[in-house]
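**Student:** sequence first, then the predicted structure, then my questions.
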Amino acid sequence: MDSSAELAVKPVNPLILQAATVLAGLAVCVIYLGILLTGSARDPILLHSLTVLLIALATYSMVALPMAASLPVALLAGVCALWGWASRQSLLLGVDAAAGVALVGLAAFQQRRRLRALMRLRQKLGDLDEECYMKDQALRLNEQTRESLAKKLDRYQQLQAVAEHLSRCLNLEEICQLAVDRAFELIGKSDACLLFLVDKERQELALFASRKGEGVAAIRTKQGDQFDRYVLRTHRPLMVNDVRRDFRFSGPGTADRPIGSVIACPLLVAQSAEGVLRLDSRQPGVYTQDDLRFLDILLDLVDTAMTNARLFAQTQQLAITDGLTGLYRRQPFFDQLAREIARANRTREPLAVLMLDIDDFKQYNDTFGHTAGDVVLKTIADIIRDVVPPDGMCARYGGEEFSVLLPKAPRARAGEIAERVREMVAARVRAAGEGSGRPVTASLGVAVFPEDAKSELELIRQADQRLYQAKRSGKNCVESS
């Protein structure tokens, strides 16, 4: 019972319905024509019934079936109806034929209207499909734009964090490594990130900081290559999508680390190119203009940070050095002396301190003026720097008095250095004063740790006492014991 209910509601296949209608129309037409040709039925009622059936089939087919199926049925029905009326000359068959033509024409007209409406509906559906497609494309474009903006926003937020970090960095090495790390991480897609700085003495690029990806060969380039030199020479950012197809460069990198694409920016400090930051990948077409723009902005931040670091270093240097002579001030000298005494206590090594004072310097200033006195102070400072070993420390102790720290120097060695300083002062400053007839000399005192004293203040006091002993002995001499 359930299966019969399912069969009752099951829709009929349209092809079967079309075929059944056409076959029924053909069967009725065959019967109708057979009657007309044999003349077996003289009663017009039978022909009338068949004509009505044909008209009904033709009208149904024109209403319910496509034109390909309904047109043959309608034509056959029309031919049969007109033939029957012409052969029997019956008014009833004539009415049937006229009614059939009218009904079939009306049905054809309705079908045409329906087809036109269907065409308009299909056209509207096509327009809607096209509009949906355009809207879908617009949505995809908006989504891509949103993702791009979100990526840019994330990058600029990262840049803000980098700027805040760089503003706290006052060390050149830390600044450079931070720039390399952030460029490598935020831009990504790279096998290596290299930062080259200009070596002022050699006038060439030198690798200062770097980072490479996992599985990438060791970076052997230490002086930069054709890409870095190009950026340094032009002072402009560089992006190469395919190194092999760029006529400006001779080859795709080195044998140990092939390069497919490159972006690089110059590091401009006070409008002077002082380095190059560069990222490269073995794959071509990796980088975009947004990547290059991001790298350029990052380099601007690094430029500002390096300028601040250098200004800070200069300020620190000014705070611990004398502005006239360039030697250390008294306090840094005391700090270093304390450290050296602690070290000498551990290693059981000697340590010497020299104290130097210019003889009759006040009289020299009063006679020739403070400008001439400043020249004398700077000349003596240069002499001390030239004579004192690299591990020593020179300071302007105050006024016309200088102090020298000599680590690991025994008394004899300290006396030799002091005598050398005295001789050079007498020779060079005397030559400078010959025109005025007023040569300049210096007296020096030497004290040695731990023989003379075991604390920094006592060591300074002992050297100072020997300095004044040298002055009492006639000046222009060294007193070391």
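**Tutor:** Nice, thanks for sending it over.

**Student:** quick check: which ranges of the stretch 301-450 of the chain have low pLDDT?
**Tutor:** 430-438 (pLDDT under 70).

**Student:** next SSE after the longest helix along the chain?
**Tutor:** In terms of residue count, the longest helix belonging to the chain (DSSP state H) is helix 91-168. Sequence-wise, the next helix or strand downstream of helix 91-168 (DSSP states H and E) is helix 172-187.

**Student:** next, the buried residues of that next one.
**Tutor:** Within helix 172-187, the residues scored as buried using 16 or more other Cβ atoms under 10 Å are 172, 174-180, 182-184, 186-187. For the C-beta atoms, the positions are set from N, CA and C on the backbone; glycine is no exception.

**Student:** now, among those, which is nearest to residue 349?
**Tutor:** Residue 349 lies nearest to residue 172 out of those, by Cβ to Cβ, at 33.0 Å.

**Student:** distance check, the closest one against residue 309.
**Tutor:** 6 Å (Cβ to Cβ, to the nearest Å).

**Student:** repeat that for residue 204.
**Tutor:** Separation of residue 204 from residue 309 (Cβ to Cβ): 23 Å.

**Student:** which one of those two has more residues nearby?
**Tutor:** The residue with more neighbours, out of residue 204 and residue 309, is residue 309; 18 against 14, by other Cβ atoms under 10 Å.

**Student:** the more buried one - nearest residue in space that isn't next to it in sequence?
**Tutor:** Distances taken as Cβ to Cβ, 6 or more residues apart in numbering place residue 170 nearest to residue 309, at 5.0 Å, with adjacent residues excluded.

**Student:** would you confirm that that neighbour contacts residue 307?
**Tutor:** No. Applying Cβ atoms under 8 Å as the test, residue 170 and residue 307 come out as separate, 11.3 Å apart.

**Student:** who has more neighbours, those two?
**Tutor:** residue 170 (16 against 12).

**Student:** helices of the stretch 201-350 of the chain, start to end?
**Tutor:** 226-234, 289-320, 330-347 (DSSP state H, counting those that start in this stretch).

**Student:** packed most tightly, which of these would that be?
**Tutor:** Counting by mean count of other Cβ atoms under 10 Å, helix 226-234 has the highest mean neighbour count of those, with a mean of 18.

**Student:** restricting to C-alpha, output it in CSV.
**Tutor:** Written as CSV, here are the backbone C-alpha positions of helix 226-234 (Å, rounded to 0.1, in the frame of the first residue of the first chain):
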residue,chain,number,x,y,z
GLN,A,226,77.8,43.6,-6.5
PHE,A,227,74.3,44.2,-5.0
ASP,A,228,75.6,45.9,-1.9
ARG,A,229,78.2,48.0,-3.8
TYR,A,230,75.4,49.1,-6.3
VAL,A,231,73.2,50.3,-3.4
LEU,A,232,76.1,52.1,-1.7
ARG,A,233,77.1,53.8,-4.9
THR,A,234,73.6,55.0,-5.9
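
**Student:** ok, residue 326 - contacts?
**Tutor:** Neighbour list for residue 326: residue 381 [criterion: Cβ atoms under 8 Å, 6 or more residues apart in numbering].

**Student:** swap in residue 448?
**Tutor:** Each residue near residue 448 by Cβ under 8 Å, 6+ apart is listed here: 350, 351, 352, 353, 409, 410, 411, 414.

**Student:** which SS state does it fall under?
**Tutor:** Using DSSP: H, G, I helix; E, B strand; the rest coil, the structure places residue 448 in strand.

**Student:** who's it bridged to?
**Tutor:** Residue 448 has the following beta-bridge partners by DSSP bridges: residue 352.

**Student:** domain assignment for this protein?
**Tutor:** Residue ranges for the domains of the chain, per automatic domain parsing: 2-117, 169-211+220-318, 330-479.

**Student:** for residue 144, which of those domains is the nearest?
**Tutor:** Comparing those by Cβ to Cβ, domain 169-211+220-318 comes nearest, at 13.3 Å.

**Student:** the longest helix of the chain versus helix 289-320: what angle between them?
**Tutor:** Note on geometry: by axes from the mean of the first three to the mean of the last three Cα atoms, to 10 degrees, helix 91-168 and helix 289-320 are set 10 degrees apart in direction.

**Student:** quick one: helix 91-168 to chain centroid distance?
**Tutor:** How far helix 91-168 lies from its chain's middle: 40 Å, per Cα atoms, centre = their mean, to the nearest Å.

**Student:** equivalent analysis for stretch 260-278, please.
**Tutor:** In terms of Cα atoms, centre = their mean, the centre of stretch 260-278 is found 13 Å from the chain centre.

**Student:** residue contacts, residue 340?
**Tutor:** With contact taken as Cβ under 8 Å, 6+ apart, residue 340 is in contact with 351, 405, 407.

**Student:** burial measure for the first one, as a count.
**Tutor:** Other residues within reach of residue 351 by the criterion other Cβ under 10 Å amount to 24.

**Student:** my read: it touches residue 339, true?
**Tutor:** No. With contacts counted by Cβ under 8 Å, residue 351 stays clear of residue 339, the gap being 10.7 Å.

**Student:** ends of stretch 218-235, how far apart?
**Tutor:** End-to-end span of stretch 218-235 (Cα to Cα, to the nearest Å): 28 Å.

**Student:** give me the mean pLDDT for that stretch.
**Tutor:** The average pLDDT within stretch 218-235 is 82.

**Student:** same deal with stretch 244-251?
**Tutor:** Rounded mean pLDDT across stretch 244-251 is 77.

**Student:** same question for stretch 82-97.
**Tutor:** 68.

**Student:** same deal with stretch 462-481?
**Tutor:** pLDDT averaged over stretch 462-481 gives 90.

**Student:** list of residues touching it?
**Tutor:** For stretch 462-481, the external contacting residues (Cβ under 8 Å, 6+ apart) are 353-357, 359-360, 403, 411, 414-415, 418-419, 422, 426, 441-447, 452-453.

**Student:** narrow these to those in helices?
**Tutor:** 411, 414, 415, 418, 419, 422, 426.
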